[in-house]
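[1] Sequence first, then the predicted structure:
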Amino acid sequence: MQLTFLGKESNPTESPTLYASDRDTYVVQGWKVTNPEITDKLDVPSGQTVVEVPAALFAHLAKDGVTGTVSTWTHPIVHVTGGGTCIVQGTRVGDREALGQMRIPDHEDCVEVSKAAVKALLEEAADEPDHG
């Protein structure tokens with residue numbers, strides 16, 4: 001799988017990152033979710049995992065020609081925290097070629113989600129008037 005870097009929200013100890021793949025998917029790199037208050041509420045099938053990322057990470061979708069604001073919180077975004085972050089569920093990335101293109105600290109993981117699923121989260125936002 002070949003990745004195209006779209007953007008990241010980072011500081012020296014954190015590096016949530018968004019990529020587009022050549023498989024019509026996005027790869028979302030974020031923090032491993034270990035908080036039982038969150039994990040106990042989720043149904044994560046085998047082969048999938050969840051990562052936590054700043055909601056602002058999705059602004060980088062514009063670099064893939066996808067515009068709008070994520071305003072619908074449904075799969076692949078399975079939880080929104082009170083701290084401006086969201087939990088994204090998807091297939092755990094195991095592709096060696098893709099993993100070789102990323103730097104993933106031990107406290108992070110990455111998931112692959114379909115572009116269609118992510119774009120569906122933006123469709124309603126595109127039809128709503130801007131109130132800001």
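    Happy to help now that I have it.
[2] List the contacts of residue 57.
    7, 8, 9, 16, 17, 18, 28, 30 (C-beta atoms under 8 Å, 6 or more residues apart in numbering). Placement of C-beta: from N, CA and C, glycine included.
[3] list the contacts for the first one?
    Contact partners of residue 7, counting by C-beta under 8 Å, 6+ apart, are 17, 18, 57, 59, 60, 63.
[4] let's go with 7 Å and repeat that
    Residues counted as contacts of residue 7 (C-beta atoms under 7 Å, 6 or more residues apart in numbering) are 18, 60, 63.
[5] Please list only the buried members of the residues you listed.
    18, 60 (16 or more other C-beta atoms under 10 Å).
[6] so which of the contacts of residue 7 comes closest to residue 104?
    Distance to residue 104, by C-beta to C-beta, is smallest for residue 18 among these, at 13.6 Å.
[7] OK, contacts around that closest one?
    Taking C-beta under 7 Å, 6+ apart as the test, what residue 18 contacts is 6, 7, 26, 28, 57, 60.
[8] And for residue 87?
    By C-beta under 7 Å, 6+ apart, the neighbours of residue 87 are 33, 38, 50, 52, 77, 78, 79.
[9] Spell out which helix or strand contains residue 103, please.
    Following DSSP states H and E, one finds residue 103 outside all helices and strands.
[10] how about the nearest residue to it, chain neighbours excluded?
    Spatial nearest neighbour of residue 103, excluding adjacent residues (C-beta to C-beta, 6 or more residues apart in numbering): residue 15 at 7.1 Å.
[11] rewinding a little: of the contacts of residue 87, which is the most crowded?
    Neighbour counts for the contacts of residue 87 (other C-beta atoms under 10 Å) peak at residue 50, which has 24 neighbours.
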